[in-house]
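# I'll drop the sequence and a predicted model, then ask my questions.
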Amino acid sequence: MAQEGITRREFVAGVAAGAALAGVAGAAKKKVDTSKILNHNPKMGYRRLGKTNEYISEVGLGGHWKTRSGGRYWASFPNDNPPADVQMNRNQVWAKAAELGINYYDITTAGEAAIYGRCAKQTGIKLHIGYSDHVLCIRDPKNRTVAKMMVEIDQGLRRLMVDRMFLWRPQANMGGGHTKAELDRVLETYQKAHKAGKVQYLGMSTHSHKFVQEVIEQYGEHYHAYVFLYTVSNVPKRSQSMFDVLRKKNVGAIGLKPFHGDFYFAKAIKEARKKGVEADLNALAIQGLKKILVVPEMTCTIPGMTTVDEVENNVKASYDRGKKLTAAERAAVETLAKASLEELPPYYDFIRKQIYV
């Protein structure tokens, strides 16, 4: 398996060759009108989302954030009404994200749609939305009709309190495997929703890199973005990479679970305690996101952020993009990422089994 990966020297050379693809500053052929970039902050890097003319922040806001008890995400709220303290937390994070130049967020639950819809309404601040609902999506076989997919879209619009969503990116099975007829119906649903003014762009989400490649090879001319697993552990393949297909079809790439669902940090804390020191989680977050963003085809990485402090820290991965990781920093990230892989629970096997992209 290791021979499929790219060496560090080849990786750096490839990045240098493709650097013009990354960030507004790299768009040398055509000057970008930054006044048209939502929440533009000159410190933030922005990358074009596939074949659209939209530029989104290379650090986005992942939909998940920790619950009061430390749980991974909020699935729903009674009557779509979040508790006041939870809403206040999200409003603060939302406003700070926009202030610092973040303009994309990505959600997958009814609770996230409900609370972020209220964020936009209560603060008067807009971010581009990537939406699906993990209950209403096509992971459930009964939801694989045009009528049911329209229900997912309509329920999202209702909870988000908008007339049109930026990106509908239905959640496919984690391992892929959808039939051509099912994928045809996804496209038919998008075309219907787009014609009705309900959806602007089409995407899809899955944890299977193989399935991403299959879908984009067959339907890439219709897709604007794909949301998929890309973590601190991932490395582009030397050849026949999924990124080759995304680049050929001009499809945006949005990376999920950058920190192994927080197990990257858990391992760092564990290792630091053995040495009697405190782990510098802020530096590890910045370095990990920098490792991801050095891939020119990655449009955006979407870490979940629970606090304003996390937002202020994570944007530095973009703000400081002119300062590359040192060899020692990169080696430290790779060592920690590898160690954390070994301690992932069984439900995260899909992370451990998909390193080379």
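Received, thanks. Residues are numbered from 1 along each chain as shown.
# C-alpha only now, for contacts and for neighbours.
Noted.
# what are the ranges of the strands in the chain?
Taking DSSP state E as the test, the strands found in the chain are 46-48, 55-57, 61-62, 104-107, 128-131, 165-168, 199-202, 205-206, 225-229, 252-256, 300-301.
# so Ala120 sits against Ala114, correct?
No - using C-alpha atoms under 8 Å, Ala120 makes no contact with Ala114, being 10.4 Å away.
# ok, those two, which is more surrounded?
Ala114 (24 against 18; other C-alpha atoms under 10 Å).
# wait, what's in contact with the closest residue in space to that one that isn't next to it in sequence?
Nearest non-adjacent residue to Ala114, counting by C-alpha to C-alpha, 6 or more residues apart in numbering: Arg159, 4.7 Å away. Neighbour list for Arg159: 80, 110, 113-114, 117 [criterion: C-alpha atoms under 8 Å, 6 or more residues apart in numbering].
# returning to what we had before: could you export the strands of the chain as a markdown table, including mean pLDDT?
Listed next are the strands of the chain as a markdown table, based on pLDDT from 0 to 100:
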| stretch | mean pLDDT |
| --- | --- |
| strand 46-48 | 98 |
| strand 55-57 | 98 |
| strand 61-62 | 95 |
| strand 104-107 | 97 |
| strand 128-131 | 98 |
| strand 165-168 | 98 |
| strand 199-202 | 98 |
| strand 205-206 | 96 |
| strand 225-229 | 97 |
| strand 252-256 | 97 |
| strand 300-301 | 98 |
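# adding mean neighbour count and distance to Ala339, write the ones you listed out as a markdown table.
Below are these laid out as a markdown table (neighbours: other C-alpha atoms under 10 Å; distance: least, C-alpha to C-alpha, whole Å):
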| stretch | mean neighbour count | distance to Ala339 |
| --- | --- | --- |
| strand 46-48 | 26 | 31 |
| strand 55-57 | 27 | 30 |
| strand 61-62 | 25 | 24 |
| strand 104-107 | 24 | 28 |
| strand 128-131 | 24 | 31 |
| strand 165-168 | 22 | 35 |
| strand 199-202 | 20 | 36 |
| strand 205-206 | 24 | 25 |
| strand 225-229 | 25 | 18 |
| strand 252-256 | 24 | 19 |
| strand 300-301 | 28 | 22 |
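# tell me which of those strands sits nearest to Gly175.
strand 205-206 (6.9 Å; C-alpha to C-alpha).
# distance between the closest one and the chain's centre?
Strand 205-206 sits 10 Å away from the centroid of its parent chain (C-alpha atoms, centre = their mean, to the nearest Å).
# could you list the buried residues of stretch 163-183?
Buried positions in stretch 163-183, judged by neighbour count with 16 or more other C-alpha atoms under 10 Å: 164-174, 176, 178, 182-183.
# got the contact list for stretch 78-97?
Against stretch 78-97 from outside (C-alpha under 8 Å, 6+ apart): 61, 103, 110-111, 114-116, 118-119, 122-123, 125, 159, 305-308, 311-312.
# out of the residues you listed, which end up buried?
Members of the contacts of stretch 78-97 classed as buried by 16+ other C-alpha under 10 Å are 61, 103, 110-111, 114-116, 118-119, 159, 305-308, 311-312.
# just for this protein, where's the confidence low?
Across the chain, the ranges flagged by pLDDT under 70 are 1-29.
# repeat that for 90
For the chain, the stretches with pLDDT under 90 are 1-31, 63-76, 238-240, 261.
# and the helices in it?
Taking DSSP state H, the helices of the chain run over residues 8-18, 84-99, 110-123, 146-160, 180-195, 209-219, 242-249, 263-275, 281-293, 308-314, 316-319, 327-341, 349-352.
# closest to Lys257 out of these?
Closest of the helices of the chain to Lys257 is helix 349-352, at 9.0 Å (criterion: C-alpha to C-alpha).
# give me the contacts around that closest one.
Residues contacting helix 349-352 (C-alpha under 8 Å, 6+ apart): 207-208, 229, 260, 341-342, 344.
# the residues you listed: which two are farthest apart?
For the contacts of helix 349-352, the maximum inter-member distance is 19.6 Å, found between Ser208 and Glu342 (C-alpha to C-alpha).
# okay, these two: which has more neighbours?
Under the neighbour definition other C-alpha under 10 Å, Ser208 and Glu342 were set side by side, and Ser208 has more, 20 against 11.
# if I pick the closest residue to the more buried one other than its chain neighbours, what's in contact with it?
The shortest distance from Ser208 to any non-neighbouring residue, by C-alpha to C-alpha, 6+ apart, is to Gly175 (5.0 Å). Contact analysis of Gly175 by C-alpha under 8 Å, 6+ apart lists 206-208, 211.
# so what does Gly175 look like in phi/psi?
phi -100, psi 10 (degrees, to the nearest 10).
# ok, now how distant is it from Gly304?
In this view, Gly175 and Gly304 are 22 Å apart by C-alpha to C-alpha, to the nearest Å.
# how close does Asn314 sit to Thr123?
Distance from Asn314 to Thr123, by C-alpha to C-alpha: 22 Å.
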